[in-house]
Structure formats: structure tokens, C-alpha cells
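Visitor: quick check, what structure comes out for this input:
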Amino acid sequence: MSSLADTLIFVFGLVALGYVFGRARLIGARTGDALTEFVVTIALPLLLFRTLVEADFSGMRPWLFWAIYFAAVLVAWASGQLIVSRVFGRDSRAAVVGGVAASFSNLVLLGLPLVIGVYGQAGVEVLSLLVMVHLPIMMAATIVLFARLDTSGGAAAPMAIARQFLKVFLGNPLIIGILAGIFWRLTGFPIPGPVRPIVDALAGVAGPVALFAVGLGLVQFGIRGAVGPALALSPIKLVLMPSIVLGLAVLFDLPPLIAKVAVIGASMPTGVNPYLIASRFGTGQALASNTMTLTTAVGALTAAFWLVVVEAVFG
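Guide: Below you'll find the predicted structure:
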């Protein structure tokens, strides 16, 4: 239990420290953006690359792992979308943002450091299986839903949206790191000796810098506008979604480590991508920003709860 507490203090302490430094203006917004750019463009892609090259995926049953996780995503997304539209009376486009915000876990900036601290390299290998399909699936679902709502441009509008998202997707450094890791793994070659220390050094700072950058980012996003929808979506993200993953993991007898990582991944706060999606489509920016901020603010407590639960259930 002490190691779990130490990991939570480390992870969310760095987030809080970043927030304090940003709030006190000891570090400016431009520096925070630069740190985020470094970790997303260089450090985390190299961490994913190294993990995918060297991971042992034998016996992990990824199809069942993915099916369980995205079944929970589907329920959380539908619940969030219905609440935003039916309870708060927002239009269909804002409701889609609500669904994304209720189901899009911060698997990379928060999930990876937490899993590294609690489950080590073996846990990162499991989480990398989810990371490699998470962003493509969530982006594809968003494209389809917004394309169905866009009737102004006829058949051309969905294709234009798809082309733009595909361009953004293939230019995403995390995706490039994942694809490069898969390709290098298929070659069967190890990471070259002279390059290995560089990869290790940059990948090694990915977690701490990412966490600090998350805290700085919260200052920039913050709380804006009405908070009611975000207050309603936060329990869906932090409680309902991991509960569904937990129940399905027990029902289908997932291996213990895979089950633990699946639940912890589902319990992560909302990431920044829903806000980027909202900005792209010009709707629900405040909704996405508020949900990300609120879920991150209470994420330490809910993460501690789910870590205790998975240890009790899966040993």
C-alpha cells in the first residue's frame, strides 16, 4: 500500500506542482507549451517506440482486452452524449463533445507515468497495446458522428473532415512513434547500441515532464462558463467507465495484470483531445475544458480508490 501511495503522490504531486508554478506565473504559458511540445513530440513517442520494440506480448489476448475497454467507452460515450443533450438541452454537436469528454481517458500523459510507477515495464507493455488503438478508434468515431450531423456540405463535407483528420492523425508524433515501433519490431533488429542511450535518456524523462506539463496546462484551460455539464460527466468518466471495465474483466476472466491496467486506464481523467476536437468543430470548448479540469483535480482520489479495488479483486 505504501508503494501505491508513493506513486500517487509522485504522479499527482508533479501535476499539482506544475499547476502551482503556472498559477503563480513562475513559469509562463509559452514555457508550458514548449514542455508539452517536447514531451508529446519527442519523449513519449520514444518511450512508446522502445516499449513496442522490446515488449513481450505473448498471452495478452489483445482482442478481448480491447473489446472490454471499448465496450465501456461506448457506454460512457452514449451516457455523456445523452446527458448533455437531454438533461442540459445542448445541440447534437455539443452532445458529441460531451460523449467524447466522458469517455476519452488521458492514457498517455497521466496513464503511462502512473502505470510505470505501479506496475513497471510489464504494465507499460500492456498499456501500450491500448494506446496504439485508442486514439485511432476515438478519432474515427468522432469523424463519423460529426459527419452524420454535417448536412451543409452534402457528400463532400464528410470526406473533407475525414481527409483533414487523417492528415492530423498521420502527423501525430505519438502515432508516428507507435507505427515506427511496430515496424522496427517486425524487422527483428534490436535498437542500435549507439542510439540506445539517447532513446533511454529521452524516454526516461517522459513521465515526469509530462506530469508537470499537465499541471501547467490546467492553468491555461481552467474552468470556464457553466460547470453543470462537466459535473455530470465527471462521475461517468471516473466511476462508471472503470466500473464497467472491472465487471467485464471479472466476467471474461482477463489475466490479472491486463485487468488491472484496463481498469486503471479507464479511470484516468479526461485528456486534452476532447478540447482539441471541440475547438476543431467550434462547439463545446468550455464543456471539454471543464471536464478535463474537474476530472484531473479529483483524479488522485479516484485513482487511489481504483488501485485499491483492483488489488483486492485481482490480487
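Visitor: what bits of the stretch 151-300 of the chain have low per-residue confidence?
Guide: Across the stretch 151-300 of the chain, the ranges flagged by pLDDT under 70 are 151-162, 164-165, 168.
Visitor: helices of that one, residue ranges please.
Guide: Applying DSSP state H, counting those that start in this stretch to the stretch 151-300 of the chain gives helices spanning 156-170, 173-187, 196-204, 206-221, 228-235, 241-251, 256-267, 273-281, 285-297, 299-314.
Visitor: in a markdown table, list those along with distance to Asp33 and mean neighbour count.
Guide: (Glycine included, C-beta is placed from N, CA and C.) Formatted as a markdown table, the helices of the stretch 151-300 of the chain follow (distance: least, Cβ to Cβ, whole Å; neighbours: other Cβ atoms under 10 Å):
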| stretch | distance to Asp33 | mean neighbour count |
| --- | --- | --- |
| helix 156-170 | 18 | 13 |
| helix 173-187 | 15 | 17 |
| helix 196-204 | 19 | 14 |
| helix 206-221 | 8 | 23 |
| helix 228-235 | 23 | 21 |
| helix 241-251 | 29 | 21 |
| helix 256-267 | 26 | 25 |
| helix 273-281 | 14 | 20 |
| helix 285-297 | 16 | 25 |
| helix 299-314 | 22 | 17 |
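Visitor: closest to Leu26 out of those?
Guide: Using Cβ to Cβ as the criterion, the shortest distance between Leu26 and the helices of the stretch 151-300 of the chain is 10.3 Å, found for helix 206-221.
Visitor: for that closest one, what is the distance to the chain centroid?
Guide: 13 Å (Cα atoms, centre = their mean, to the nearest Å).
Visitor: and if you look at stretch 22-41?
Guide: On the basis of Cα atoms, centre = their mean, the separation between the geometric centre of stretch 22-41 and that of its chain is 19 Å.
Visitor: hmm, who's touching it?
Guide: The contact list for stretch 22-41, computed with Cβ atoms under 8 Å, 6 or more residues apart in numbering, reads 18, 21, 108-109, 173-174, 206, 209-210, 212-213, 215-220.
Visitor: in it, what counts as buried?
Guide: Applying a neighbour-count criterion of 16 or more other Cβ atoms under 10 Å, one finds Gly22, Ile27, Gly32, Leu35, Thr36, Phe38, Val39, Val40 buried in stretch 22-41.
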